[in-house]
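Trainee: Give me the fold of what follows.
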Amino acid sequence: MSVRIAVDLDGTLFNLYNKPNWLDDLENERPGVFNEYGTNHGLMPYIEKQTLQEKILNLIDRGFTFCIISWLPMGASPEYTEICRKEKLNWVATILPMIEDIQLIPYGLEKQKAITKKATTMYLIDDNSEICNTWRTAKQRKAIQVHENYDILNALDDILEVES
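Mentor: Now for the predicted structure:
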């Protein structure tokens, strides 16, 4: 049985919504919105980079596969969209280099349309309940919503418990 875990960036891994002026910077197409910042390199509060890396590597060693599926900014110019794409790719390469399948898709596109490799069971970890609801199917696709009191580390632990 194969298990693939898709992870969102903004609000799930990358602490975008607590970054000062993030929305104004996006709306005014200022570079740097998705660059590293803070002591956790932009990771959600209380998640340490090394702890997250070790957990993901442990799951990879157990046969799980990973991908990133993230939206690009809504309504941005093609030039700014490309800047944001490069910033997100750089962030993933710096923080989670073990994840090579990175799908950066237009804002609003259903995330299941970004799937490049299927698995028997496919999880999405995302902070948006609507996105989680559209991802879910009766058998193959499951979604876990993260929030302030339940982060990606909790979600990965729960997936491991269910799939072991």
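Trainee: Can you check what pLDDT the model gives Met1?
Mentor: Listed pLDDT for Met1 reads 63.
Trainee: In this protein, which residue sits furthest out from the middle?
Mentor: Distance to the chain centre peaks in the chain at Asn28, reaching 23.7 Å (criterion: C-alpha atoms, centre = their mean).
Trainee: Can you point out the buried residues in the lengthiest helix in the chain?
Mentor: Using DSSP state H, we find that the single longest helix of the chain is helix 78-95. Neighbour counts over helix 78-95 (16 or more other C-beta atoms under 10 Å) mark 80-81, 83-85, 87-88, 91-92, 95 as buried. Using the backbone N, CA and C atoms, a C-beta is placed for each residue, glycine as well.
Trainee: just stretch 131-138 next, same as before
Mentor: 131-132, 135.
Trainee: Likewise for stretch 102-110?
Mentor: So, applying 16+ other C-beta under 10 Å, buried residues of stretch 102-110: 102-104.
Trainee: Now, those residues that are in strands?
Mentor: Per DSSP state E, strands hold the following members of these: 102-104.
Trainee: now the helices for this structure?
Mentor: According to DSSP H, the helices that the chain contains are 22-27, 49-61, 78-95, 129-135, 152-163.
Trainee: where does the protein have low pLDDT?
Mentor: 1 (pLDDT under 70).
Trainee: In contact with the residue farthest from the centre of the chain: list those residues for me.
Mentor: Listed by C-beta atoms under 8 Å, 6 or more residues apart in numbering, the contact set of Asn28 is empty.
Trainee: Tell me the spacing between the residue nearest the centre of the chain and Ser77.
Mentor: The C-alpha lying nearest the average C-alpha coordinate of the chain belongs to Asp8 (C-alpha atoms, centre = their mean; 2.2 Å). Plainly put, Asp8 is 23 Å away from Ser77 if you go by C-beta to C-beta, to the nearest Å.
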